[in-house]
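Participant: Build me a structure from this.
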Amino acid sequence: MIRRTLIVISAAFLVTYISSTVSASTENTVGGARVISSAQAPIMKATTSLSLDLSAQQTGQLAIADVLTYGGSQPTITAPDGWQLIRDDSTATTRQSLYWHTIGGNDSVTASWTFSDPVDAQGAVLLLDNVASDPVDSTSGNTGGDAGGVLTAKSVTTTSDGDLILAFNATDFGAYRPTVCKNCSELKPKLPENASVVVNQESTAREYWILANYQDQTGDTEAQISGAPQFFNWVSAQVAIKRN
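Facilitator: Next comes the predicted model:
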């Protein structure tokens, strides 16, 4: 009787352990949403608007905008009509604002954000297909300030299997490179190996990069760590996108 009880307990523990273990993959073997294309806007100094290129759009696709602004002020950001805020994270100098929009038949080929005060701004837009009508499953945000530290996009908990997990990361450390080194190639961030790179703008004065992987079941995603001890004033987020 004791031996049978132990077997039952062990089996129950094993089932619980397996159900709580979530694997991630860079391959879309789960039929999840896909990033079809991306477009970037270069950094503009002291601007009151940022426009992103949507010329590759098709009706029904999901657009995700990554709007990055830099400086001490936190101006009011006005998004284009029909764009929904996913999350807005900031440090003293670096702000990352994420938005989503489902492409309609009469949408413009550009989308413009306006700022109540001039800021340095840059950004990117992703176009995705095979996305649910209510696309955002869950999100997380994280920041690091003047003390630097390891940039970490925190885990999110998915409620839908086959989610596309996007990690958005930005830092203003690159702005200071000319003052701290002559050959700065070794200071580029080391990106996680368990994610594919969607956008990598690490050669600019203000760096940002977008990563992706897939979940094959519901549960907690992995934290995405980009290693480099020199990061300052960084922001990061994970966004889980549900498949159609």
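
Participant: Please make it C-alpha for all contacts and neighbour counts, starting now.
Facilitator: Fine.

Participant: Any figure for the gap between the residue nearest to the spatial centre of the chain and residue 217?
Facilitator: The centroid of the chain falls nearest to residue 168 when counting by CA atoms, centre = their mean (2.4 Å). For residue 168, the distance to residue 217 (CA to CA, to the nearest Å) stands at 22 Å.

Participant: and what of residue 94?
Facilitator: On the measure of CA to CA, residue 94 and residue 217 end up 33 Å apart.

Participant: Is it correct that residue 237 is in contact with residue 154?
Facilitator: Yes. Shown here, residue 237 and residue 154 form a contact pair, counting by CA atoms under 8 Å, at 6.8 Å.

Participant: shared neighbours, those two?
Facilitator: Common contact partners of residue 237 and residue 154 (CA atoms under 8 Å, 6 or more residues apart in numbering): 140-142.

Participant: Output stretch 83-101 as PDB - backbone C-alpha positions only.
Facilitator: Extracted in PDB, the C-alpha atoms of stretch 83-101 (Å, rounded to 0.1, in the frame of the first residue of the first chain):
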ATOM      1  CA  TRP A  83      -3.500  52.700 -32.500                       C
ATOM      2  CA  GLN A  84      -3.700  51.200 -29.000                       C
ATOM      3  CA  LEU A  85      -1.100  51.600 -26.300                       C
ATOM      4  CA  ILE A  86       0.400  48.300 -25.200                       C
ATOM      5  CA  ARG A  87       2.700  49.700 -22.500                       C
ATOM      6  CA  ASP A  88       4.900  52.700 -21.800                       C
ATOM      7  CA  ASP A  89       8.200  52.300 -19.800                       C
ATOM      8  CA  SER A  90      10.800  54.900 -19.000                       C
ATOM      9  CA  THR A  91      14.000  55.800 -17.100                       C
ATOM     10  CA  ALA A  92      15.300  59.300 -16.500                       C
ATOM     11  CA  THR A  93      16.500  59.500 -20.100                       C
ATOM     12  CA  THR A  94      15.100  56.600 -22.100                       C
ATOM     13  CA  ARG A  95      11.400  55.900 -22.900                       C
ATOM     14  CA  GLN A  96       9.900  53.000 -24.800                       C
ATOM     15  CA  SER A  97       6.200  53.300 -25.900                       C
ATOM     16  CA  LEU A  98       4.600  50.300 -27.700                       C
ATOM     17  CA  TYR A  99       1.400  50.400 -29.700                       C
ATOM     18  CA  TRP A 100      -0.700  48.000 -31.800                       C
ATOM     19  CA  HIS A 101      -3.100  48.500 -34.700                       C
END
